[in-house]
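# below: sequence and its predicted model.
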Amino acid sequence: MLANSLGSSRKLSTAPFVPISRSHNRAMDQHEPIGRFLTLADTAEVLNVSMSQAYALVRSGELPAIKIGASGRWRVERDVLESYIDAMYEENRRRALWQQANLPDVAEIFGERRP
């Protein structure tokens with residue numbers, strides 16, 4: 001069950017998202033939550049975005065997902081979502097480093113030389 005900022009709570013259609021530590025031994029982990037796939041509603045909740053934003057990520061291919069069942073409902077694998085989040089952190093880290101490297105020194109802007 002998740003509580004929102006207004007104090008009300010709602011039950012997820014799948015088990016709550018539990019990040020998997022990359023340092024543990026998966027063979028010894030017998031307590032992994034049941035439910036390999038998340039609905040788009042649950043994915044949107046984990047990412048704290050709207051359903052339409054989660055759907056756009058899936059439709060664009062940025063967030064890999066599969067259609068399951070006769071109705072073709074989208075499902076996102078928990079490990080894929082975790083990898084997507086990790087990739088976004090890495091992309092932001094690299095972007096910040098790139099921006100830092102591209103900032104000119106104030107002395108360079110005014111043509112002054114540093115000793």
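Good, I have the coordinates. Residues are numbered from 1 along each chain as shown.

# kindly list the longest strand within the chain.
The strand that spans the most residues within the chain, counting by DSSP state E, is strand 73-77.

# can you tell me the strand partners of that strand and which way each runs?
Counting by DSSP bridges, the strands paired with strand 73-77 are strand 37-39 (antiparallel), strand 66-68 (antiparallel).

# deepest in the core, which of the ones you listed is it.
strand 37-39 (a mean of 20; mean count of other Cβ atoms under 10 Å). (C-beta placed from N, C-alpha, C; glycine too.)

# and the helix or strand following that strand, what does it pack against?
Once strand 37-39 ends, the next helix or strand along the chain (criterion: DSSP states H and E) is helix 40-47. Packing contacts for helix 40-47, counted by 3 or more Cβ pairs under 8 Å, 6 or more residues apart in numbering; DSSP states H and E, involve helix 51-60, strand 73-77, helix 78-102.

# what's the angle between the first one and helix 40-47?
When you say that, I think you mean helix 51-60. Between helix 51-60 and helix 40-47, the angle comes out at 100 degrees (axes from the mean of the first three to the mean of the last three Cα atoms, to 10 degrees).

# could you list every helix and strand that helix 51-60 packs against?
On a contact count with 3+ Cβ pairs under 8 Å, 6+ apart, helix 51-60 meets helix 40-47, strand 73-77.

# so what's the backbone phi/psi at the closest residue to Leu57 other than its chain neighbours?
Leaving aside its sequence neighbours, Leu57 sits nearest to Leu63 (Cβ to Cβ, 6 or more residues apart in numbering; 3.9 Å). For Leu63, the backbone dihedrals (degrees, to the nearest 10) come out as phi -110, psi 110.

# ok so, going back, quick one: buried residues of the longest strand of the chain?
For strand 73-77, a neighbour-count test (16 or more other Cβ atoms under 10 Å) marks Trp74, Arg75, Val76 as buried.

# residues in contact with it: which ones?
Contact with strand 73-77 is made by 36-40, 43, 55, 58, 63-68, as judged by Cβ atoms under 8 Å, 6 or more residues apart in numbering.
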